[in-house]
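A.B. asks: Here you go, sequence then predicted model.
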Amino acid sequence: MAARRTPSDPPAGSQSETHRAIETVFRIEQARLIAGLARWVRDVGRAEELAQDALVAALSEWPGSGVPQNPGAWLMAIAKRRAVDGFRHERMAERKHAEIGRDLESERDTSVEDIEAAMDDDLGDELLGLIFAACHPILSPEARAALTLRLIGGLTTDEIARAFLSSEATIAQRIVRAKKTLGESGLAFEVPRGPERERRLASVLEVVYLIFNEGYAATAGRDLTRPALCAEAQRLGRILAGLMADEPEVLGLLALMEIQASRLAARTAPDGSPVLLTEQNRALWDRLLIRRGLAALDRAGSLGGADGPYALQAALAACHARARTAVETDWRKIAGLYDRLRLVMPSPVVELNRAVAHSMAFGPETGLALLDEIERADSLRNYAPLPAARGDFLFRAGRLAEARSQFKRAADLTRNEGEKTFLLKRAASCVP
Amino acid sequence: MRVMVIVKATKDSEAGVMPSTDLLEAMGKYNEQLVNAGVMMAGEGLHPSSAGKRVAFDGPGRTVIDGPFAETRELIAGFWLWEVKDMDEAVEWVKRCPNPMLGPSEIEIRRVFEAADFGDAMTPELTAQEDRMRDKLAKR
């Protein structure tokens, strides 16, 4: 029989291993812990501190006593006890705090068993409430993303800073301010209902997709993708889909992310340059993610959400995922989906992609005509993909000199180094 | 990272003893926790090996062997695919699993290969070979 090593039975000299195990438990529990505490003390900053206090207590007690049966409930009990002590100590004069203090007092004797039962009964409502709070529209999108990664993803400030190519000080300040704003807003950390819900849900989905895209299409710097951010966004998407299984757009977003992420391994060459969708080695696409994405998209459709903005984008991604080779791609179907998408999500970028789809379905001249329309709108003046697309259409139409100057212009506009190299290569290939 | 979490077979599972209602309920709850934590990607339970087959390879030879198979401890009764941040997280989640069997049992965690793991082994020549294969498929 092989030796079994658990934190409750530590072999000599494994203290650091025990600590690692405790920190793993904490990592799994912390979002739910903070969520429950935030609703209780109505202050997310305070909730985070209490959770940290509970971790410190666990690190000092568990190596001796072993990890308790239900570590989450144990941590919650300690944190709640600390909260009560804190309120007593501060002798809050304010009415709001006095009230909360009384609530806390009355729950003081709550046992680990009671808390365990309550945590088991809670069907993720508290966690969902925290997600809605972190993604509240009163915060800027950047602040929402940072706070969500911190509180729900459990990333450190340093990890978030590296992911967003920002300094630790900037991110730390952004998070502190966001917590303060939420604290002052008197938010109840509850899942919004009624007409409010749709608007707030849109904000949540926007944040998750922003995090995904920051990873998928790194806007600046040497890496074209930062897969860790994609993984974090996918996890958030999966959590949301677990907690809100009947929201078609949640499933639409999850489907979109799973299918896009299925191509992560194929979309950059070893030298860091991007590989076009049509050129990708489809053997490298992750079939499990594609299958999960298609299943989520089906569910979104059966819930009546086939024409939601995320579901439509997922349906577009699915068209590529279903084609075993690039030549099998159903471009007419894709062009039709873009015709629908522009109705629910009008944007110059959608128009541009629609032009690309129509050029593939009906020829480069059709694409060029659509690009002329977009350029009259003028909002994409310095958007690199626009000249890149025009260059591609011109190239396919055999107008090489014009194509060459468009690729060069696109290379001047992009901030991503891999993309720049790629565009210059395409410009160089435009020789008669 | 992705891991495969393998539930090892026992005498009971090989004998086709079905899990109790209590265990089904506990397992259902556990699976729900895995889903709500965004960890679960896929998972299935397997029939006993008496319903399975093996194909043995020896050079050009292929021999089909009918189940059931001996060495119960080496057989598997089910699996999950999880997406976790690291092995520590996988271990912690496995510890929380209700004992999947009536008696003592074992769950094994294995890391799934990802494209990046192949690293330099995936040479441009190999990629080119694959490209040629795809070309052929496309022309068919």
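C.D. replies: Sure, I can see it.

A.B. asks: Give the rounded mean pLDDT of the helix or strand B:Val7 falls within.
C.D. replies: According to DSSP states H and E, B:Val7 maps onto strand B:2-8. Averaged over strand B:2-8, pLDDT sits at 97.

A.B. asks: Who are the packing partners of that strand?
C.D. replies: strand B:76-83, helix B:87-95, strand B:107-111 (3 or more C-beta pairs under 8 Å, 6 or more residues apart in numbering or on different chains; DSSP states H and E). Glycine gets a C-beta too; all of them are placed from N, C-alpha and C.

A.B. asks: okay, the ones you listed in TSV with mean pLDDT and distance to chain A next?
C.D. replies: TSV is the format used below for the helices and strands packed on strand B:2-8 (pLDDT from 0 to 100; distance: least, C-beta to the nearest C-beta, whole Å):
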stretch	mean pLDDT	distance to chain A
strand B:76-83	96	7
helix B:87-95	96	4
strand B:107-111	98	12
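
A.B. asks: can you put these in TSV and add mean neighbour count and distance to B:Gln33?
C.D. replies: Converted to TSV, the helices and strands packed on strand B:2-8 look like this (neighbours: other C-beta atoms under 10 Å in any protein chain shown; distance: least, C-beta to C-beta, whole Å):
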stretch	mean neighbour count	distance to B:Gln33
strand B:76-83	19	12
helix B:87-95	18	9
strand B:107-111	15	16
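
A.B. asks: Contact partners for the spatially most central residue of chain B?
C.D. replies: Centroid-nearest residue in chain B: B:Phe79, 4.2 Å away (criterion: C-alpha atoms, centre = their mean). For B:Phe79, the contact set (C-beta atoms under 8 Å, 6 or more residues apart in numbering or on different chains) comprises B:Met4, B:Val5, B:Ile6, B:Val7, B:Gly43, B:Glu44, B:Leu46.

A.B. asks: So in terms of bridging, what pairs with it?
C.D. replies: B:Ile6, B:Glu44 (DSSP bridges).

A.B. asks: Could you do the one 4 residues further on as well?
C.D. replies: The partner list for B:Glu83 in beta bridges (DSSP bridges) reads B:Arg2.

A.B. asks: Briefly note if the strand or helix carrying A:Leu201 comes near chain B.
C.D. replies: Take DSSP H and E as the rule and A:Leu201 turns out to sit in helix A:195-216. No. Judged by C-beta under 8 Å from any C-beta of the partner chain, helix A:195-216 and chain B are separated, with a smallest distance of 11.3 Å.

A.B. asks: then the strand holding B:Val7 to CSV, C-alphas only?
C.D. replies: Once non-C-alpha atoms are left out, strand B:2-8 reads as follows in CSV (Å, rounded to 0.1, in the frame of the first residue of the first chain):
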residue,chain,number,x,y,z
ARG,B,2,-6.7,19.8,-18.2
VAL,B,3,-6.8,16.7,-16.2
MET,B,4,-8.4,13.3,-16.5
VAL,B,5,-9.8,12.1,-13.2
ILE,B,6,-10.1,8.3,-13.3
VAL,B,7,-12.3,6.3,-11.0
LYS,B,8,-10.7,2.9,-10.6
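
A.B. asks: one step back: give the other helices and strands that the helix holding A:Leu201 contacts.
C.D. replies: Against helix A:195-216 (3+ C-beta pairs under 8 Å, 6+ apart) you get helix A:125-134, helix A:141-151, helix A:227-243, helix A:248-261.

A.B. asks: C-terminal to the second one, which secondary structure element comes first?
C.D. replies: Reading on from helix A:141-151 to the C-terminus, the next helix or strand found by DSSP H and E is helix A:157-163.

A.B. asks: rewinding a little: how much space between the residue nearest to the centre of chain B and A:Ser111?
C.D. replies: 37 Å (C-beta to C-beta, to the nearest Å).

A.B. asks: How about B:Lys8?
C.D. replies: Taking C-beta to C-beta, one finds B:Lys8 at 36 Å from A:Ser111.

A.B. asks: Give me the more crowded residue out of those two.
C.D. replies: Per other C-beta atoms under 10 Å in any protein chain shown, whichever of B:Lys8 and A:Ser111 has more neighbours is B:Lys8, with 18 against 10.

A.B. asks: Do you know the pLDDT at the residue nearest to the more buried one when sequence neighbours are not counted?
C.D. replies: Residue nearest to B:Lys8 in three dimensions, not counting chain neighbours: B:Glu106, with 4.5 Å by C-beta to C-beta, 6 or more residues apart in numbering or on different chains. On pLDDT, B:Glu106 comes in at 96.

A.B. asks: all helices for chain B, in order.
C.D. replies: If DSSP state H is used as the criterion, the helices of chain B fall at B:11-14, B:21-36, B:87-95, B:115-118, B:124-139.

A.B. asks: And for the third one, what's in contact with it?
C.D. replies: In this case it means helix B:87-95. Against helix B:87-95 from outside (C-beta under 8 Å, 6+ apart): A:6, A:20-21, A:24-25, A:27-28, B:1, B:3, B:5, B:34, B:37, B:39, B:82, B:84, B:107, B:109, B:111.

A.B. asks: and if we set it to 6 Å?
C.D. replies: With contacts defined as C-beta atoms under 6 Å, 6 or more residues apart in numbering or on different chains, helix B:87-95 is touched by A:Thr24, A:Val25, A:Ile28, B:Val3, B:Val84, B:Ile107, B:Ile109.

A.B. asks: Now do it: distance to the chain's middle.
C.D. replies: Averaging C-alpha positions (C-alpha atoms, centre = their mean, to the nearest Å) puts helix B:87-95 16 Å from its chain's average.

A.B. asks: Please apply the same query to the second one.
C.D. replies: In this view, helix B:21-36 has its centroid 18 Å away from the chain centroid, taken as C-alpha atoms, centre = their mean.

A.B. asks: tilt between it and strand B:76-83?
C.D. replies: 20 degrees (axes from the mean of the first three to the mean of the last three C-alpha atoms, to 10 degrees).

A.B. asks: for the residue of the stretch 51-200 of chain A found nearest chain B, what are its contacts?
C.D. replies: Proximity of the stretch 51-200 of chain A to chain B (C-beta to the nearest C-beta) peaks at A:Gly124, 5.2 Å away. Going by C-beta under 6 Å, 6+ apart, A:Gly124 touches A:Leu243, B:Asn36.

A.B. asks: Report the residue spans of chain A with pLDDT below the cut-off.
C.D. replies: A:1-14, A:89-110, A:120-123, A:218-225, A:378 (pLDDT under 70).

A.B. asks: Spell out which residues of it are next to chain B.
C.D. replies: Contact residues (C-beta under 6 Å from any C-beta of the partner chain) of chain A with chain B: A:24-25, A:28, A:124, A:235, A:238-239, A:242, A:265, A:283-284, A:325, A:327.

A.B. asks: Which of the residues you listed are buried, as a ChimeraX select command?
C.D. replies: Selection of buried members from these for ChimeraX, criterion 16 or more other C-beta atoms under 10 Å in any protein chain shown:
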select /A:24,25,28,124,235,238,239,242,265,284
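
A.B. asks: three-state assignment of the residue of the stretch 251-400 of chain A at minimum distance from chain B?
C.D. replies: Nearest to chain B in the stretch 251-400 of chain A, going by C-beta to the nearest C-beta, is A:Ala265, at a distance of 3.5 Å. At A:Ala265 the chain is in coil, as set by DSSP: H, G, I helix; E, B strand; the rest coil.

A.B. asks: Would you report the backbone torsion angles of it?
C.D. replies: A:Ala265 adopts backbone torsions of phi -70, psi -20, taken as degrees, to the nearest 10.

A.B. asks: shouldn't it be in contact with A:Trp285?
C.D. replies: No. Look at A:Ala265 against A:Trp285 with C-beta atoms under 6 Å: they stay out of range, at 7.7 Å.
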